Each structure stands twice: as structure tokens, then as C-alpha cells.
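*Asks:* just a sequence and a predicted model for now, questions to come.
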Amino acid sequence: KKKGISDSVILIPQEADQRFLKPEYLWNTIEKSEKRKDAQLAREFNIALPVEMTDEQKKALAIDFCNENFVKNGMIADIAFHKLDSDNPHFHVMLTTRKLTPDGSGFGQKVREWNSKEQLQEWRKSWADTANEHLQAAGIDARIDHRSLKDQKAELDAIPSPTVEQQAQAISLDRPPTIHRGHSGNRERLERFDALQEVKASQEAKALNHIEINTLKPSPPAPASSPTASLPDAKQGGKKAGSAAATVSGSNINLADETTDKNLHLTEAQREELEDAENKEAAAKKKAYLSGGAGVPEISETNKIQSNTDFKNKLRKVKTAINKEDEEEENNYKINRPKLK
């Protein structure tokens, strides 16, 4: 087993050759049926599973969904379950792009309709319906909504006289889409989960949503003897990205298309690097303020970092500001350093 894979299964139509149940034979046959080197061999979906379910319930849900939506339409589905016992259970499914030949031993023409946006939306809705049926059958209160957060919020905002609960729900939907992290039944894992959630919330607040330092308040120039200087503005904006992730109370479905949400999820290394740079800049500004050389920054608005370019530009500006401060302080020291007798 590969690392992180909990289980795997291949689903085939009734008329398909039984040899396709072996992954090596399946994908070798698929590759031989393509003539172009850059041909699309498969369609892949990465779908999150409800954390409230048991491992067997998660598998049953995925298999039911794939059978009803893919296998019945003539596709072969190669499913790999990942981290079923974690707080981010999900499965990858690789789907064939061509129809089976009449005898079921090979592949014929490609079905272009399977790549349409209309078909994608049907699959998204079917995922929500199938998951909700399984959640209800398992006695779990959580439900899935395949629509984007924007569409869900618009529906609640359109209610003439919303209740307090509906207003609160509408406000909660005004956020970037995320994968729901569930609680484990194991006490140690539960405590570790809570601790990680606190760290994650702090990091996301700094690195994703609220890391924007705006224009400094006007302040008198620093005294000539002061080794401090006002830092330049470090300000970064970002376009608001649309969301195509099916937001779920217990899971997300990320079926690839042009409108897939582009909100950036920084890596741990990027977060640490950006946080370290922010801390250095904040310390420099505090030092300048206490010595009377610069004003306290006024944070009047917040923007989001939504792309790798935004992140790099932001980090570059922060580092430039810090380097300039260090250079000015060093030059000032050279000018005002005491002379040795």
C-alpha cells in the first residue's frame, strides 16, 4: 500500500471484461487505446468524505455514488481511499474517458459530454443528494450543500424576514471555503485536534485573511541622532476569487472546472516565513515608535492573499522594508558612532 491510502477498489460495468479489475491490465489497455502522447487518459475527481461517518460508511457512500453516476454510464472507476481515520478523509477516483467496445474488451470513442459543465453540475448535485441520503440513514444530523458559499448566502439574504438563526448562518457563509475537520472518538486525538485547530486558526488569520499593513500615520521626521526610520508601506490586494467547491457541513467536493475556487492555502513553510517576516517588521516599527522616529501603523482595511504571486509580492515588500530599516540604522550608526581615544 502507498502511504496514506487506506483502501482501493475498481468498479466496472457488467459488460466489461473481468480483467479490467486488475489495475495494471486496465491502465495498460487504456494507454494502448490512445494514439497521441498528450492524450487525456483519465478524468480524476478528489472528493472529501463526511468525517462523522465510520470508515465502512464512508466507503459505502463513495462506491454508491460512483456506481450510480459513473459505472452505470459505461465508465470504469478506479477508487483509492485516503486517510479514512483522519480529520480529512477523502477518496480519489480515476475514470475512463472512452466508451467500452460492444464486447467489453476494449475502448472505443471518447464521450465529450462527460467533460461538459452541465454534466459536472449534475454530478455535484448528485454527490450532495447521495451523501445526504447516507448521512440520514446513519442517523447523522449533518447535511451537504453542493452550491457555492456565495449562492447559499444569496438564498438566505433573499429571505424577506430572516430569523436570527438564518442571519447568523448567512454571516457564517461569508468566508473562504474550507474542508470540514471532524472530531475523533479517541481522546488523545481529540485533544491534539483541538490544539491543531487553535494553531491553524491563528495561522490562517495571519497568513490568509488579515495580513495587510496599510498606510502609516503621518509623523514628524526622526531626530538626526535617532537610529530609526519610517518603514515604507507594505500593502497587498487581491481579486476576489469565485468558488466552485461544493461546501459541505462535513466535506467538500472538488470537481475540477474553470470556476474552481482559487483561494490560496499556503504551505507550512510559506506561513512560517511570512509570519517571521511580519514579526520582524512589527518589532522594527515598535522600536521606531518608542524612540519617537515613526508613527504607529493604522490598519484601516484587510485584504486577502489569493495567489502565489500575491504571497511573493507581499513577502518581497516586507523583506525590502526590513532591509531598508537595517541599512539606514547601520548608516546612522557609522555617522554617529563614538570616536575611540
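*Replies:* Right, received. Where do you want to start?
*Asks:* residue 121: how many residues sit nearby?
*Replies:* Per other C-beta atoms under 10 Å, the neighbour tally for residue 121 reads 16. Using the backbone N, CA and C atoms, a C-beta is placed for each residue, glycine as well.
*Asks:* show the pLDDT at it.
*Replies:* Reported pLDDT at residue 121 in the predicted model: 91.
*Asks:* then residue 278?
*Replies:* On the pLDDT scale, residue 278 is placed at 70.
*Asks:* please, which helix or strand holds it?
*Replies:* Using DSSP states H and E, residue 278 sits within helix 268-290.
*Asks:* cool, residue 67 as well?
*Replies:* Going by DSSP H and E, residue 67 is part of helix 55-69.
*Asks:* packing partners for that helix?
*Replies:* strand 5-11, strand 77-82, strand 90-95, helix 117-137 (3 or more C-beta pairs under 8 Å, 6 or more residues apart in numbering; DSSP states H and E).
*Asks:* adding distance to residue 322, write these out as JSON lines.
*Replies:* Shown next, in JSON lines, are those (distance: least, C-beta to C-beta, whole Å):
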{"stretch": "strand 5-11", "distance to residue 322": "44"}
{"stretch": "strand 77-82", "distance to residue 322": "40"}
{"stretch": "strand 90-95", "distance to residue 322": "40"}
{"stretch": "helix 117-137", "distance to residue 322": "45"}
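*Asks:* nearest to residue 21, out of these?
*Replies:* strand 5-11 (5.3 Å; C-beta to C-beta).
*Asks:* I'd like the next helix or strand past the closest one.
*Replies:* Next along the chain from strand 5-11, counting by DSSP H and E, comes helix 23-32.
*Asks:* who touches that following helix?
*Replies:* Under the criterion C-beta atoms under 8 Å, 6 or more residues apart in numbering, residues 10, 19, 20, 41, 42, 76, 78, 96, 98, 106, 107 lie in contact with helix 23-32.
*Asks:* what mean pLDDT does it get?
*Replies:* On average, helix 23-32 scores 94.
*Asks:* hang on, the earlier thing: which one of the helices and strands packed on helix 55-69 lies closest to residue 60?
*Replies:* Short answer: helix 117-137, nearest of the helices and strands packed on helix 55-69 by C-beta to C-beta, at 6.9 Å.
*Asks:* what helices or strands is the closest one leaning on?
*Replies:* Helix 117-137 sits against helix 55-69, strand 253-254, with contacts defined as 3+ C-beta pairs under 8 Å, 6+ apart.
*Asks:* try 7 Å this time
*Replies:* helix 55-69 (3 or more C-beta pairs under 7 Å, 6 or more residues apart in numbering; DSSP states H and E).
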